[in-house]
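K.L.:
Test case, fold it:
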Amino acid sequence: MRKSRTAINFEYYALRTACALVNAIPYRIAMASVRGMAWLAVRVFKFQRERTMKRIAQVFPELGERGRLKIAVDSLANVLGNAVEMIRAPKLTRRWMDEHVIDGAEYKAKLQAYVDEGKGVVIMVPHSGNWYMAAWSMAKYGLPLFAIAARQRNPKINEWMNRQYGDIEVLCRNEHGTLNRIKDYLQGGRAFAILPDLRVPTPDTEVDFLGHKANVSHGACMFAVKCGSPIVVAAMERRNGKHAFNHLATLRPEGKTAQELTQEALKILSDHIMRHPGDWFWYNKRWILEPVCKN
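P.N.:
This is a model prediction of the structure:
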C-alpha cells in the first residue's frame with residue numbers, strides 16, 4: 001500500500017526536524033542523553049517492554065526481572081545511539097573515525113588483505129553495537145565496500161537514507177539484477193557487508209541461535225561459495241564512548257556448503273551475543289526465534 005503525499009511529507013519533515021535538533025547538540029551530549037531516554041522509555045513508558053522482556057527471558061530464563069530490564073535498557077540505548085550517529089553520518093570523517101573507532105585503520109588493512117586475494121570478501125556483522133559503523137568506518141579508510149538494503153516505503157526517507165550511507169554503495173534488495181551485481185562485485189574484488197541475524201519468512205537454513213533453532217537465509221554464504229570468497233564473522237562493540245571491531249572468525253568456503261557455513265557463522269555470532277546481550281537489537285520486528293510456518 002502506497003503512502004499518501006501528506007504522510008510522506010509529514011514523516012520526512014519530522015525526520016529532518018529531528019536531524020536538525022540532533023546535529024545542533026554536541027556529539028558527546030547527544031550520546032550521553034540516549035541512556036536516560038532509553039531508561040525512561042523502558043522503565044517508565046514501558047516501550048515494547050512486555051514483548052522484549054519475553055524475548056530476553058526466552059534466551060536467558062535464569063535472569064530475574066532486574067537483569068532482563070538492564071538488557072532491555074542497554075539495547076534500546078544502543079539503538080538510540082545508532083540513530084544519533086546515523087543522523088550525524090555526513091560529519092563522520094576519516095579524522096572522526098581515527099578518534100572514535102579503535103584500531104580502525106589496522107582492521108581495514110586486515111580486510112584489505114582478504115580483498116587482495118582477488119575473490120572479494122563477505123563480512124557478516126550482526127545487529128550488535130553500531131552495525132552501520134562497521135561499514136562507515138571501513139569505507140572511510142578506503143575499503144571497496146558494498147551492501148544491500150530494503151527500499152523504504154517513504155521515497156523521501158529512502159533518498160535520505162541513501163545519502164546517509166555516504167561512501168558505501170548500497171544495492172536494493174529484491175530488485176532485478178541485484179543478485180548478479182553482488183556476484184560480479186565479489187568476483188571483481190570488493191567487500192560485501194551483510195547482516196545475517198534476521199529471520200526469513202519461508203523455510204531456508206535452520207541454525208542453532210541463542211539456545212534455540214532459527215531460520216535464516218544462506219544467501220551470503222552462497223555467494224562466498226560461488227565466488228570462493230573468505231567470510232569474516234565480526235561484531236561491533238561500544239567501549240567507553242568508542243567503537244571497536246571484534247573479529248570473531250574467518251571462514252573459508254572450500255569443501256563446505258553454503259548451509260554449513262551459515263550454521264557455523266551463526267553459531268559464532270550467537271556465542272558473541274550471549275556474552276554481550278545488551279549490545280544486540282532485541283527490538284527487531286523480524287524476531288529471529290519466531291517459528292516459521294512450513295505449510
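K.L.:
contacting residues for residue 163?
P.N.:
residue 90 (C-beta atoms under 8 Å, 6 or more residues apart in numbering). For every residue, glycine as well, the C-beta is placed using N, CA and C.
K.L.:
from the middle of its chain, how far away would the host helix or strand of it be?
P.N.:
Residue 163 belongs to helix 155-165 when assigned by DSSP states H and E. Using C-alpha atoms, centre = their mean, to the nearest Å, the mean C-alpha position of helix 155-165 is found 17 Å from that of the whole chain.
K.L.:
same deal with stretch 94-102?
P.N.:
19 Å.
K.L.:
Quick check: what element follows the lengthiest helix in the chain along the chain?
P.N.:
If you go by DSSP state H, the chain has its longest helix at helix 65-87. Downstream of helix 65-87, the next assigned helix or strand under DSSP H and E is helix 94-100.
K.L.:
Against which helices or strands is that next one packed?
P.N.:
helix 104-114, helix 131-140 (3 or more C-beta pairs under 8 Å, 6 or more residues apart in numbering; DSSP states H and E).
K.L.:
follow-up on the earlier one: so which bits of the longest helix of the chain are buried?
P.N.:
Buried residues in helix 65-87, counted by 16 or more other C-beta atoms under 10 Å: 68-69, 71-87.
K.L.:
One more: stretch 288-295?
P.N.:
Within stretch 288-295, the residues that qualify as buried are residue 288, counting by 16+ other C-beta under 10 Å.
K.L.:
got the contact list for it?
P.N.:
55, 58-59, 197-203, 209-210, 212-216.
K.L.:
Could you tell me which of these count as buried?
P.N.:
55, 59, 197, 198, 199, 200, 209, 210, 214, 215, 216.
K.L.:
Name the nearest of those residues relative to residue 49.
P.N.:
Comparing those against residue 49 with C-beta to C-beta places residue 55 closest, at 10.8 Å.
K.L.:
So what's the residue count around residue 56?
P.N.:
22 (other C-beta atoms under 10 Å).
K.L.:
Helix, strand, or coil at it?
P.N.:
Of the three states, residue 56 takes helix under DSSP: H, G, I helix; E, B strand; the rest coil.
K.L.:
That one and residue 215: what is the separation?
P.N.:
20 Å (C-beta to C-beta, to the nearest Å).
K.L.:
I'd like the mean pLDDT over the helix holding residue 163, please.
P.N.:
Regarding helix 155-165, the rounded mean pLDDT is 95.
K.L.:
repeat for stretch 274-288
P.N.:
Regarding stretch 274-288, the rounded mean pLDDT is 97.
K.L.:
end to end, how far does it reach?
P.N.:
Terminal residues of stretch 274-288 lie 14 Å apart, using C-alpha to C-alpha, to the nearest Å.
K.L.:
what's the closest non-adjacent residue to residue 238?
P.N.:
residue 129 (5.4 Å; C-beta to C-beta, 6 or more residues apart in numbering).
K.L.:
thought that neighbour was touching residue 239?
P.N.:
No: assessed by C-beta atoms under 8 Å, residue 129 is found out of contact with residue 239, at 9.2 Å.
K.L.:
Comparing the two, which residue is more hemmed in?
P.N.:
When residue 129 and residue 239 are compared for neighbours, residue 129 comes out ahead with 26 against 11, by other C-beta under 10 Å.
K.L.:
Now for that one: which residues touch it?
P.N.:
Here residue 129 is in contact with 78, 235, 236, 237, 238, 243, 279 (C-beta under 8 Å, 6+ apart).
K.L.:
Point out where this structure drops to low pLDDT.
P.N.:
Residue ranges of the chain with pLDDT under 70: 1, 294-295.
K.L.:
need the helices for this protein, in chain order.
P.N.:
5-24, 27-39, 49-59, 65-87, 94-100, 104-114, 131-140, 155-165, 178-187, 219-227, 258-275.
K.L.:
one step back: max pairwise distance over the contacts of residue 129: which two?
P.N.:
Going by C-beta to C-beta, the pair spanning these furthest: 78 and 235, at 12.2 Å.
K.L.:
Between the two, which contacts overlap?
P.N.:
Joint contacts of residue 78 and residue 235 (C-beta under 8 Å, 6+ apart) are 129, 279.
K.L.:
on that earlier part again, most tightly surrounded among the helices of the chain?
P.N.:
Greatest average neighbour count among those goes to helix 131-140 (a mean of 24), per mean count of other C-beta atoms under 10 Å.
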